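Student: model the following, please.
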Amino acid sequence: MKILNLGSLNIDYVYKVDKFLLPGETKSSLSLNVHCGGKGLNQSIAAAKAGNEVYHAAFLGHDGEMLKKAMKDNGVNVEMIKNHNETSGHAIIQVDENGQNCILLYGGTNQCLTKEFIDDVLNSFGSEGIVLLQNETNYVDYIIERAYEKGLQVALNAAPMNDKVLSYPINKLSWLIVNEVEGKQIAGCDRDEDIIDVLREKYPECKILLTLGSNGACCYSDGELHSIGCYKVDVADTTAAGDTFTGYFLYGVLNGYTIDDSLRLATTASAICVGRNGAADSIPLKSEVDEIIKNGSYGVLDVSVKK
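Tutor: Prediction:
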């Protein structure tokens, strides 16, 4: 099944630090690296590396040619990316000695989508496939409505979380993809263990993928809750881990894998990803993921299922 990603494109400026900056503090970074990133770009590349037919639609500034090239080089169709006179989106990312990150975003061209552009893209894509979205662009609500009207499946990764998400027509999604912070905000609950129960009551037609960092992930689909743990691996950089998980999980569910096998595939891919530096550069090829699973190099993860 085809994937249309109307998603963000960012130039990532990644600063290695011993500890994150505090308010009022000035300090020198240990290093600076410039990478291609943005949740949209990362998810497109991850989905394409997994083996999906991926189309990316976006506006791109004069400074963003490297972003378009990175996606094209990784098998993403970039014919729906159009030039714009605004500066491309970018991110200032601090990565600490434990591989954790904090990210400051500038939307740039990611916030320049128009309804005319969206309609043209959806008309060109056709009526079969899935539309993948993140909360780093404008008109997310409009895209959901228009894609739903065309009979397309829609998957929303509700990150970064803000109040706009609460106004989106989530009931029209096929997949809602959240981490524990986003999930609690959308559900309006305080405990991680309540997220799935609340969301499935609020949005009974929507399947839910909940990532829990070092505690693994779970998926609610067709009345069943599937839960998986997390491999214990050395962590270099977690920047693209969630996006890698999303891209590989969607590959699984769109290509006949069971939910359990889709979770194993995505968990393994993200475990490889966190062992590498960078965002898009850290996303593994499917052959690497398959080899790790086949050889049991990281061990074996069981998936629990309950009604």
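Student: which non-adjacent residue is nearest residue 146?
Tutor: The spatial neighbour of residue 146 that comes closest, neighbours along the chain excluded (C-beta to C-beta, 6 or more residues apart in numbering), is residue 122 at 5.6 Å. C-beta: built from backbone N, CA, C; applies to glycine.
Student: specify the beta-bridge partners of residue 11.
Tutor: residue 36, residue 90 (DSSP bridges).
Student: and residue 29, how far from residue 15?
Tutor: 4 Å (C-beta to C-beta, to the nearest Å).
Student: for residue 214, that is, sorry about that
Tutor: 23 Å.
Student: hey, where'd the strands end up in the chain?
Tutor: Assigned by DSSP state E, the chain shows strands spanning 2-5, 10-16, 31-37, 53-60, 77-83, 89-95, 101-106, 130-134, 153-157, 175-179, 207-211, 217-221, 224-228, 303-306.
Student: show me what the first one packs onto, helices and strands only.
Tutor: Judged by 3 or more C-beta pairs under 8 Å, 6 or more residues apart in numbering; DSSP states H and E, the packing partners of strand 2-5 are helix 39-50, strand 53-60, helix 115-125, strand 130-134.
Student: which of the ones you listed sits most buried?
Tutor: helix 39-50 (a mean of 30; mean count of other C-beta atoms under 10 Å).
Student: pretty sure residue 205 sits against residue 170.
Tutor: No: with contacts defined as C-beta atoms under 8 Å, residue 205 does not count as touching residue 170, sitting 9.9 Å away.
Student: who's in contact with the most centrally placed residue in the chain?
Tutor: Geometric centre of the chain, nearest residue: residue 243, 3.2 Å, by C-alpha atoms, centre = their mean. For residue 243, the contact set (C-beta atoms under 8 Å, 6 or more residues apart in numbering) comprises 39, 42, 43, 46, 157, 279, 283.
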